[in-house]
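# Sequence first, then the predicted structure:
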Amino acid sequence: MIHQTSVLVLLICLGIFVVVGGLLFYAVVRYRRRTDDDDTTEPPQVYGSTAIELAWTVPPILIVVVLALATARTVGEIQSPKFAADPLQVRIVGHRFWWELHYPKYNIVTANEIHVPVSYLSTPRPIELTLASADVAHGFWVPELNGKQWLVPDKETKWWIQPTSLGIYLGNCTVLCGYQHANMLIRVVVEPPEEFEKWVARQQQPPNPDASTEAGHKAFESNSCGSCHTIDGTNSQGIFGPNLTHFMSRQTLGAGVAPNDDANLKSWLHDPQVLKPGCLMPDMKLDQTQFDEILAYLKTLN
């Protein structure tokens, strides 16, 4: 839509350039100074020309009207797109300072990394987003996919993206929401449709920790981690922190502040404030045994 409008504007500007440049070139050549010119003869004086005044007034007005109508149509199509009969729907809830993601069709809840299938030009598949906030105003923006949109408490806003190229697209919160606003990052993973379906299937599977991590599961719950986090199939059903059911399938920690590897995960468990000062997860003061058990348990949540 924006591409089509930009092409129209470019063609109109090209036409104006050709007309103005052509007339200027004609005037320079046709009325250039000649050796036989008589400097004492004054050229004919013309006082007013209705035709010329109409020529430089009416066409610009028509051009402005066309551009205004084309722009208004494009803005309307962006704000109120016509989705396919069954678009992929993703509900995004902004928290200080992370993103909660729901895929209603697949009954999936995850965090911070939005997985979507690529939208091929031959078979367009826009992604319908529902934006909401759990606390203060946030801003959703992935520059390469679409413009900025607000997330306002007690209000749901419709938005959309339509990624046509594979890859990982980075974005961030655009509304100052607190101390870690700058580290409230977004990752949109655009995959081939078959890879997206595999991701969906993995996310729908319940966690399958082995018996050796049972102590870690108990330590996780005994330290009240389940009061803030959910792990499907367990007693941990908290809603204040990210869903950890498939925690190790995510590429980053803390909404993108660090890679999700052993070193950063250990740092996060020791004290989340080291990697993300001001985040709402406190230092749990785990002893070494609890630390090792919970670390081993979390690493099974694929």
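It's in.
# Let me know the distance separating the residue lying closest to F220 once chain neighbours are set aside from W160.
On the basis of C-beta to C-beta, 6 or more residues apart in numbering, the spatially nearest residue to F220 that is not a chain neighbour turns out to be I294, at 5.4 Å. Placement of C-beta: from N, CA and C, glycine included. I294 sits 39 Å away from W160, going by C-beta to C-beta, to the nearest Å.
# one step back: I'd like to know how many residues surround the residue nearest to F220.
Other residues near I294 come to 23 when the count uses other C-beta atoms under 10 Å.
# where exactly do the strands run in the stretch 151-300 of the chain?
With DSSP state E, counting those that start in this stretch as the criterion, the stretch 151-300 of the chain has strands at 157-161, 167-173, 185-191, 252-253, 258-259.
# Tell me the strands beside the last one, with direction?
According to DSSP bridges, the neighbouring strands of strand 258-259, each with its direction, are strand 252-253 (antiparallel).
# ok, now the third one?
Sheet pairing here is set by DSSP bridges, and for strand 185-191 it gives strand 113-117 (parallel), strand 167-173 (antiparallel).
# what angle do the longest one and strand 157-161 make?
Interaxial angle of strand 167-173 relative to strand 157-161 (axes from the mean of the first three to the mean of the last three C-alpha atoms, to 10 degrees): 150 degrees.
# I'd say L67 and I12 touch.
Yes. With contact defined as C-beta atoms under 8 Å, L67 reaches I12; the gap is 7.0 Å.
# Going by the annotation, which residue ranges form each domain of the protein?
Domain segmentation of the chain under automatic domain parsing yields 88-204, 211-298.
# Next SSE downstream of whatever helix or strand A70 lives in?
Per DSSP states H and E, A70 falls inside helix 50-79. Using DSSP H and E, the helix or strand that follows helix 50-79 in sequence is strand 88-95.
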